[in-house]
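**Q** sequence first, then the predicted structure, then my questions.
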Amino acid sequence: MKELRNYLLDNDELLMEVVREINKYDNSLKYLAYYENDEHTINELFSTAHDFAKKCVYGDYNYYDDYFVIDTLNHVVSYDWSDLINETKKHIDDIIKELKNSYQNIGVYDVNLNELLNWFYKGFAPYFFEKAAEQTFFKKLRFSKKIKNYLKKSVDIYSPS
């Protein structure tokens, strides 16, 4: 799990994409949903300008920040990109938990992330899975050869000469 955690913490864009996709799927990280701080988004999310202004007064809103979130108290808090990333990273354990629960249903296409998730989802790496299957096959093959040799010997013993 440490590898998955470090990989997400080192890839800011991927981390934010994972949060966005999980929220599209089941909204389980709603408190981490972020929006662009533009007129179109604000008009879409809030019914009136008064509603938006009221949520800004009780929140921590700066018009010049690029993004905003709606916190758990339903107030608007704005962030620049680096602050938004840092705030999201504080919840990395929640993100990993939700990602492990829903990764097969979300649309994040990162090869390394998928390898790590397969590792944790199955409990072991696909490479080791292939090796284990290969070893099982060869054990069965050796066992069937032993039976075949045993049967061959037993047939030779009882066959008339």
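**A** Thanks, I have it. Numbers count the residues shown, from 1 in each chain.
**Q** list phi and psi for residue 109.
**A** Main-chain torsions, residue 109, degrees, to the nearest 10: phi -110, psi 80.
**Q** equivalent analysis for residue 79, please.
**A** The phi/psi pair for residue 79 (degrees, to the nearest 10) is phi -140, psi 150.
**Q** ok, the spatially closest residue to it that is not a sequence neighbour - contacts?
**A** In this structure, residue 79 finds its nearest non-sequential neighbour in residue 67, 5.1 Å apart by C-beta to C-beta, 6 or more residues apart in numbering. C-betas here are computed from N, CA, C, even on glycine. Contact analysis of residue 67 by C-beta atoms under 8 Å, 6 or more residues apart in numbering lists 34, 35, 36, 37, 78, 79, 80, 81, 84.
**Q** so the first one touches residue 65, yeah?
**A** Pointing back at residue 34 there. No. Residue 34 lies out of contact with residue 65 (C-beta atoms under 8 Å); the separation is 10.8 Å.
**Q** more neighbours: these two, which one.
**A** residue 34 (21 against 16; other C-beta atoms under 10 Å).
**Q** who's in contact with the more buried one?
**A** Residue 34 neighbours (C-beta under 8 Å, 6+ apart): 16, 19, 67, 68, 69, 79, 84, 88.
**Q** now residue 22: which helix or strand?
**A** Per DSSP states H and E: residue 22 is located in helix 12-25.
**Q** in the protein, which residue is closest to the centre?
**A** residue 99 (3.1 Å; C-alpha atoms, centre = their mean).
**Q** and residue 88, that one's in a helix?
**A** Yes. Using DSSP: H, G, I helix; E, B strand; the rest coil, the secondary structure at residue 88 is a helix.
**Q** touching, it and residue 29? I think so.
**A** No. At 9.2 Å, residue 88 does not count as touching residue 29 under the criterion of C-beta under 8 Å.
**Q** the helices in the chain, which residues?
**A** Here the chain has its helices, by DSSP state H, at 2-10, 12-25, 39-45, 49-58, 81-89, 92-102, 111-122, 126-158.
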